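In: just need the structure, nothing else, for what follows:
(one chain, ligands or ions: 1)
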Amino acid sequence: MKLQDPELFRQAALVGGNWIEADPKNAIEVNNPATGEIIGLVPKLGAAETKAAIEAARIAQKGWAARTAKERCAVLRKWYELMIDNKDDLGRILTSEQGKPLAEATGEIVYGASFIEWFAEEGRRIYGDLIPGHQKDKRIMVMKQPIGVVAAITPWNFPNAMITRKAGPAFAAGCAMVLKPASQTPFSAIAIAILAERAGLPKGLFSVITGSAAAIGGEMTSNPVVRKLTFTGSTEIGTELYKQSAPTIKKLGLELGGNAPFIVFDDADLDTAVEGALIAKYRNNGQTCVCANRIYVQDAVYDAFAQKLATAVGKLKTGNGFDEGVILGPLIDKAALAKVEEHIADATAKGARILQGGKKHALGGTFFEATILADVTRNMAVAREETFGPLAPLFRFKDEADVIEQANDTEFGLASYFYAKDLARVFRVAEALEYGMVGVNTGLISTAEAPFGGVKLSGLGREGSKYGIEEFTEIKYVCLGGI
Ligand code: ADP
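Out: Next up, the predicted model:
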């Protein structure tokens, strides 16, 4: 890999301030999903290293929390600037291990860095309260203190931003963090840890542990020093981590699966709806937890929307993320590809029609054609499960009540989208959707300023915004008497 600063690609983990280089005898191979080529090795670590990192974090956190918010935020600001200065290298590392097109990867770096920037600012505004007392001689004081040592487990679909969205508020609030990045994409995590060191984050405050998920996760969840676990990944693993964290009563932040509805009403502007659907469905090749999974189109505009979408999707170029003009990269692995194929086979067996794509891409590997299915109904697997791939299933609906019932008929509740012009309808539908996030006339909702998160099986807590930092603090009430 050609980098302006080759030191940003390091085959090592950071444990309590010490780098552990990968030993080929006990390492994880990381490949480029576009080519299958091994791009490097990271150490296969486990419970012992995690425990050591947690202990180092415990010590480092005390000194970090004792600094002023301004001092902490200055380090974060520097970290943010280093990410931006190195965005091209960070983008190249990301594309090599994740597959998304280089422009999209560099965009993720800028988006990821924006969380560090935002929390570098927000960290100076963790305000408490002074509440009038319940007796004449009393005053009630409320202060917010850092929760302490935080463990984080992150996925491969956003190898940079899913880390910064957790690390930014954690460090700004005065916490320490032990991170386990996804084994498919550890190099992006390692690169930002190198930049954190350069920015002046104290030794031991941030560890990046690569290796066995079960062993690292087991130590993170059972160790009583860890006061918060923040996880982004599947509902299945999130449920397991929730259970494992119960005996030590940790605070949990869970960003889990989604099954986002994308609704096009008959008063919508169809061209903007198509534009939104392209972003909401095909961003990261459909591999985001806020990707539109079910597209509901009202009867009167169904055929027109389907045709416009097919025309637009037909122009999306699939290929190696390093190649010019590529919009859709490979899927992360063979299992991801098999899931898309299963959803298509199930739907077509039950009567769905393929409007576009529908099979493995001629490029081979884990490349898949951008696909649209029409006449999709609620008895098909795609109505219930997240596809996590470039498949847009089009459902038909009659009226508002019908589509709200269908949209809410899922155990998930992360993102939802709808397109409509009527103001009263906009309010009614936004209020009726049982989701943590609603995009109205837009397919792109994620930003550092807004609270990201879900309800139901999609998770607990919010990331980003002024709410995101609260998750890393504890409230302390001090009763002042004798006044
Ligand atoms: P995905 O389907 O996005 O890969 P996962 O939930 O399987 O979602 O993985 C998300 C993150 O959780 C990854 O870092 C993965 O290594 C980690 N993980 C997987 N299994 C476990 C486990 N048993 N304990 C802790 N972490 C785990």
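
In: and the strands in the stretch 51-200 of the chain, which stretches?
Out: Under the criterion DSSP state E, counting those that start in this stretch, the stretch 51-200 of the chain contains strands at 129-132, 139-146, 149-153, 176-180.

In: can you check which of the ones you listed gets nearest to the ligand?
Out: Nearest of those to the ligand, taken as CB to the nearest ligand atom: strand 149-153 at 4.7 Å. Backbone N, C-alpha and C define where each C-beta goes, glycine included.

In: that closest one packs against which elements?
Out: With contacts taken as 3 or more CB pairs under 8 Å, 6 or more residues apart in numbering; DSSP states H and E, strand 149-153 sits against helix 47-66, helix 161-173, strand 176-180, helix 213-222, strand 226-232.

In: report the inter-axis angle for it versus helix 47-66.
Out: With axes from the mean of the first three to the mean of the last three CA atoms, to 10 degrees applied, the angle from strand 149-153 to helix 47-66 works out at 130 degrees.

In: strand 149-153 and the ligand, any residue contact?
Out: Yes. For strand 149-153, a contact with the ligand is found by CB under 6 Å from any ligand atom, at residue 153.

In: what of stretch 339-359?
Out: No. Stretch 339-359 stays clear of the ligand (CB under 6 Å from any ligand atom), getting no nearer than 10.0 Å.

In: put the alpha carbons of that stretch into PDB.
Out: Listed next in PDB are the C-alpha coordinates belonging to stretch 339-359 (Å, rounded to 0.1, in the frame of the first residue of the first chain):
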ATOM      1  CA  LYS A 339     -27.300 -13.600   2.500                       C
ATOM      2  CA  VAL A 340     -28.100 -11.300  -0.500                       C
ATOM      3  CA  GLU A 341     -28.500 -14.400  -2.700                       C
ATOM      4  CA  GLU A 342     -30.700 -16.100  -0.100                       C
ATOM      5  CA  HIS A 343     -33.000 -13.000   0.100                       C
ATOM      6  CA  ILE A 344     -33.300 -12.900  -3.600                       C
ATOM      7  CA  ALA A 345     -34.000 -16.600  -4.000                       C
ATOM      8  CA  ASP A 346     -36.600 -16.500  -1.200                       C
ATOM      9  CA  ALA A 347     -38.400 -13.500  -2.600                       C
ATOM     10  CA  THR A 348     -38.400 -14.700  -6.300                       C
ATOM     11  CA  ALA A 349     -39.700 -18.100  -5.200                       C
ATOM     12  CA  LYS A 350     -42.600 -16.300  -3.500                       C
ATOM     13  CA  GLY A 351     -43.500 -14.100  -6.500                       C
ATOM     14  CA  ALA A 352     -41.100 -11.100  -6.600                       C
ATOM     15  CA  ARG A 353     -39.800  -9.900  -9.900                       C
ATOM     16  CA  ILE A 354     -36.200  -8.900 -10.600                       C
ATOM     17  CA  LEU A 355     -36.100  -5.400 -12.100                       C
ATOM     18  CA  GLN A 356     -32.300  -5.000 -12.100                       C
ATOM     19  CA  GLY A 357     -29.300  -7.100 -11.300                       C
ATOM     20  CA  GLY A 358     -30.100 -10.200  -9.200                       C
ATOM     21  CA  LYS A 359     -26.900 -12.200  -9.400                       C
END
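
In: what comes up buried for it?
Out: 339, 340, 343, 344, 347, 348, 352, 355, 356, 357, 358 (16 or more other CB atoms under 10 Å).

In: can I get the helices and strands packed on strand 149-153 in JSON lines including mean neighbour count and mean pLDDT?
Out: Output for these, formatted as JSON lines (neighbours: other CB atoms under 10 Å; pLDDT from 0 to 100):
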{"stretch": "helix 47-66", "mean neighbour count": "20", "mean pLDDT": "98"}
{"stretch": "helix 161-173", "mean neighbour count": "29", "mean pLDDT": "98"}
{"stretch": "strand 176-180", "mean neighbour count": "29", "mean pLDDT": "99"}
{"stretch": "helix 213-222", "mean neighbour count": "20", "mean pLDDT": "98"}
{"stretch": "strand 226-232", "mean neighbour count": "25", "mean pLDDT": "98"}
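
In: and of those, who's closest to the ligand?
Out: For those, the distance to the ligand is smallest for helix 213-222, at 2.4 Å, taking CB to the nearest ligand atom.

In: which residues touch that closest one?
Out: Helix 213-222 is contacted from outside by 45-47, 50-51, 54, 151, 153, 178, 180, 183, 209, 226, 229, 241, 244-245, 247-248, 250, using CB atoms under 8 Å, 6 or more residues apart in numbering.

In: then stretch 403-415?
Out: The contact list for stretch 403-415, computed with CB under 8 Å, 6+ apart, reads 235, 255-261, 263, 289-290, 294, 296, 298, 378, 384, 386, 395, 397, 416, 429, 432-439, 445, 453-459.

In: taking the buried residues of stretch 339-359 together, which two end up most distant?
Out: Longest distance between any two of the buried residues of stretch 339-359 is 20.0 Å, between 339 and 355; criterion CB to CB.

In: can you tell me the centre-most residue of this structure?
Out: Nearest to the geometric centre of the chain sits residue 162, at 4.5 Å (CA atoms, centre = their mean).

In: so who does it touch?
Out: Each residue near residue 162 by CB under 8 Å, 6+ apart is listed here: 154, 155, 232, 255.

In: now do residue 290
Out: 258, 260, 280, 414, 415, 437, 445, 446.

In: not counting its neighbours along the chain, what's nearest it?
Out: Among residues not flanking residue 290 along the chain, residue 415 sits closest, at 3.8 Å (CB to CB, 6 or more residues apart in numbering).

In: for the one you found, give its distance to residue 347.
Out: Computed as CB to CB, to the nearest Å, the residue 415 to residue 347 distance reads 22 Å.
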